[in-house]
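Engineer: show me the folded form of this:
(chains A and B)
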Amino acid sequence: MTELASGPGPLRQCVELARKDLRAETRAGEALLVIAPFGAVALLLVPLAVGADTPLLRELGPGLYWVVVLLVGMLVTLRASTVDGPAQLELLRLCGITPATRLAGRALANAVLLLGVQAVLAPVAVMLYDPDLSGWAWLLPVALLVAGGLGVLGALADALAQGLAGRTTLGPLLVAPLAVPLLLGATQVLTAARYDRGPWPWLVLMLTADLVAALATVLVAAHLEEA
Amino acid sequence: MMPRSARLPVVAGVAVAAGLAGAMLAPPDRLQGELVRLMYVHVPAAWLAFLSFGVTFVASVAWLWRRRPGADRIAAASAEIGVFFTGLAIALGSIWGKPTWGVWWTWDPRLVTTALMFFVYLGYLALRRATVDPLSRARRSAVFGVVAFVQVPIVHLSVLWWRTLHQPPTVLQPGDPTIDHSMLAALLGNLAAFTLVFAVLLRERIRLAADEDAADAAQHTGDRGLAGDAVAAPRMEDSGV
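Structural biologist: As a prediction, this is how the structure comes out:
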């Protein structure tokens, strides 16, 4: 009764919004059935361009995997706003959902989808490139940090480019340069683990990038509301 | 009598001429020889990039706070100037790098972070171009102008955070600058001259933006005649109807 009177808290709202996005994705299946296979095709094309040199591909594999995750991830995160019409946004506003909560919900859904895309692409990369997998356990925090950071940056860029004609090309231009700390961290953690060096500095770099992106998004979210 | 608006460009022009003369008169470097003279344009160009993006950040915050169109014009004008001077700094650095390091480009943290800053602000300008409605454009670009500024301290501190080929700070460091004082004087003179150039460019671009806004507003208020007004109705006097 108390919850009915006061309404659900921001955390619950955020989770419900993420569930709404994920339900829409389950029905459409675009991220996992179209975009992730496109990423797999990109992983397949690279060796054809650079040559089928197995030792070279083994070295390049982890880096190429993260580049493809970054590029494909932008496609995943930047298509969400196409389903948000002005009427839907108005309804959410009338329900008392703040812009920060709305963006957080979108970022959460993005992160879950990106984890799915990473899970689809990882076995493809292992199969095609046969990379050195020593220290693979570090991939788990790396995958979470990449998904979280890219999810937040994608949600912010998606909100910035919402409704614009060049949204699909503008979004990646806004996100890609800001996502470089995530790419650097993701590639260097495995390299550090392979040479028995502590990968902590790279994880801290990624966590810092995630926190800065999240903080900036929360601070500016209210200003993205159309008057 | 020189009009007031022409004084700043004249002063800036004289300052740039004096600064470049100082650059030519400064002694050559012990190791790099005459190549070091590129520094007198490369460093001011990089300084102007930082200054421009700093102005864009402040003007973006000001727009989000007060919502005045003038702040949006300042932010946009300054970002355009910043992108130009970032490109100039990268190009000059590349020309300087070829004889010094042996390559046009190297994967040095300072170079990479500067290139990223260039693309971040290209994205800012692309966002502005893609948004037609002035209010929406100002809002979106102000938000991105605040977020994008995070790149500026990263570029400045990259030479301290990572091992790099690029020169670490020689002027903005504690203690006596590690540069010959006559070279330092020429460098500071050029920094001041380029700052005046920035002021001139910023003022002119803001004026142009204000004129563009006024023209857009006039076009949208419908003060022009309707299409077809110039066509006269057919006269029937001769037919007696």
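Engineer: can you name every helix or strand that the host helix or strand of B:Leu187 contacts?
Structural biologist: Using DSSP states H and E, B:Leu187 sits within helix B:181-220. Judged by 3 or more Cβ pairs under 8 Å, 6 or more residues apart in numbering or on different chains; DSSP states H and E, the packing partners of helix B:181-220 are helix B:4-25, helix B:39-66, helix B:69-101. Placement of C-beta: from N, CA and C, glycine included.
Engineer: count of neighbours near the closest residue to A:Ala222 other than its chain neighbours?
Structural biologist: Nearest non-adjacent residue to A:Ala222, counting by Cβ to Cβ, 6 or more residues apart in numbering or on different chains: A:Pro99, 5.3 Å away. For A:Pro99, the neighbour count with other Cβ atoms under 10 Å in any protein chain shown is 19.
Engineer: likewise A:Asp196?
Structural biologist: 8.
Engineer: mind checking the SS state of it?
Structural biologist: What DSSP: H, G, I helix; E, B strand; the rest coil gives for A:Asp196 is coil.
Engineer: let me see the confidence value for it.
Structural biologist: With respect to pLDDT, A:Asp196 has a value of 80.
Engineer: next: the one 3 residues further on.
Structural biologist: For A:Pro199, the pLDDT comes out at 87.
Engineer: that one and A:Leu205 touch, don't they?
Structural biologist: No: assessed by Cβ atoms under 8 Å, A:Pro199 is found out of contact with A:Leu205, at 10.2 Å.
Engineer: which ones are touching B:Val10?
Structural biologist: Counting by Cβ atoms under 8 Å, 6 or more residues apart in numbering or on different chains, B:Val10 touches B:Met2.
Engineer: now find how far off-centre the lowest-mean-pLDDT helix or strand in chain B is within its chain.
Structural biologist: Here the helix or strand of chain B ranked lowest by mean pLDDT, DSSP states H and E is helix B:151-161, holding a mean of 81. Distance, stretch centre to chain centre, for helix B:151-161: 19 Å (Cα atoms, centre = their mean, to the nearest Å).
Engineer: I'd like the helices and strands packed on helix B:181-220 as a markdown table, with mean pLDDT appended.
Structural biologist: Converted to a markdown table, the helices and strands packed on helix B:181-220 look like this (pLDDT from 0 to 100):
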| stretch | mean pLDDT |
| --- | --- |
| helix B:4-25 | 88 |
| helix B:39-66 | 94 |
| helix B:69-101 | 93 |
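Engineer: so can I have JSON lines of the ones you listed showing distance to A:Arg194?
Structural biologist: Converted to JSON lines, the helices and strands packed on helix B:181-220 look like this (distance: least, Cβ to Cβ, whole Å):
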{"stretch": "helix B:4-25", "distance to A:Arg194": "48"}
{"stretch": "helix B:39-66", "distance to A:Arg194": "36"}
{"stretch": "helix B:69-101", "distance to A:Arg194": "29"}
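Engineer: chain neighbours aside, what residue packs nearest to B:Pro27?
Structural biologist: Per Cβ to Cβ, 6+ apart, closest to B:Pro27 is B:Ser182, 6.2 Å.
Engineer: how many neighbours does B:Val197 have?
Structural biologist: As a burial measure, B:Val197 scores 20 neighbours (other Cβ under 10 Å).
Engineer: once you drop chain neighbours, what's closest to it?
Structural biologist: B:Val197 sits nearest to B:Ala12 (Cβ to Cβ, 6+ apart), 5.1 Å away.
Engineer: got the contact list for that neighbour?
Structural biologist: Residues counted as contacts of B:Ala12 (Cβ under 8 Å, 6+ apart) are B:193, B:196-197, B:199-200.
Engineer: what residues does chain B have near chain A?
Structural biologist: Residues of chain B lying near chain A by Cβ under 8 Å from any Cβ of the partner chain: B:64, B:116-117, B:119-120, B:122-123, B:126-127, B:130-131, B:135-136, B:139-140, B:142-144, B:146-148, B:150-151.
Engineer: let's see 6 Å
Structural biologist: Neighbours of chain A within chain B, by Cβ under 6 Å from any Cβ of the partner chain: B:64, B:116, B:119-120, B:123, B:126, B:130, B:140, B:143-144, B:147.
Engineer: helices - which of those residues land there?
Structural biologist: The helices, defined by DSSP state H, take in B:64, B:116, B:119-120, B:123, B:126, B:130, B:140, B:143-144, B:147 from these.
Engineer: ok, of those, which come out buried?
Structural biologist: Buried subset of those (neighbour count, 16 or more other Cβ atoms under 10 Å in any protein chain shown): B:64, B:116, B:119-120, B:123, B:126, B:130, B:140, B:143-144, B:147.
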